[in-house]
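> structure for the following, please:
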Amino acid sequence: MKLLFIPSIMNKDWSHLNGLLAVLAVLYSCVFVSVLIDLFFGVKRAKQLKVVRTSFGYRRTITKLTSYFGLMIMLTIGDIVASVVFEMPYFTVIGAIGIVLIEAKSVFENLRQENKNVDDIQKVLLKIFENKEEIQALISFLNSKKQEE
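Numbering: from 1, shown residues only. Below you'll find the model as predicted:
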């Protein structure tokens, strides 16, 4: 099955055009879902770190969506123009794959950062226990200075 934009419209071959629109709908949906997954893991990480979630972070997601869909529309227009040569929307497919990979990397970075935070906390606690005498001396020194005032 050939999925050509312009020739399908010129020949009034609506079944091919419907197939092409279904492919584009799947590509756009994949981009949208990947951004939502990244948003979910970002909010989950913020909750774990007890970071206040503000409208700024959510606006960043909306900005990301508009940027991604703007790019996807431009690539789709490129595919429409190139449809006299290419049989599939190659530009849009490559763009969608790239965006999904970027969002997957972002999700994995969030997951990896969660594990790093736990490791960092463990290292700090171990350092504190190793230097507990020095910390106790510092606390007693600070308390004595406060009592002198």
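> listing request: residues of the chain with sub-threshold pLDDT.
Within the chain, the ranges that satisfy pLDDT under 70 run 1-8, 13-14, 16, 114-149.
> can you rerun that using 80?
Applying pLDDT under 80 to the chain flags residues 1-20, 48-49, 51, 53, 57, 83-88, 110-149.
> what ranges do the helices span in it?
Using DSSP state H, the helices of the chain run over 5-10, 14-48, 55-81, 90-130, 132-148.
> what's the separation between residue 36 and residue 29?
10 Å (CB to CB, to the nearest Å). To be clear about C-beta, it is placed using only N, CA and C from the backbone, and glycine gets the same treatment.
> please read the previous query as pertaining to residue 61.
In terms of CB to CB, residue 61 sits 17 Å off from residue 29.
> neighbour count winner among these two?
residue 61 (15 against 11; other CB atoms under 10 Å).
> and the more buried one, what does it touch?
35, 38, 39 (CB atoms under 8 Å, 6 or more residues apart in numbering).
> pull out the buried members of the residues you listed.
The neighbour count (16 or more other CB atoms under 10 Å) marks 35, 38, 39 as buried among those.
> tabulate the residues you listed (JSON lines), appending distance to residue 45.
Listed next are the buried ones among the contacts of residue 61 as JSON lines, based on distance: CB to CB, whole Å:
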{"residue": "35", "distance to residue 45": "16"}
{"residue": "38", "distance to residue 45": "11"}
{"residue": "39", "distance to residue 45": "11"}
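> of those residues, which is the nearest to residue 66?
Each of the buried ones among the contacts of residue 61 was scored against residue 66 by CB to CB, and residue 35 proved nearest at 10.5 Å.
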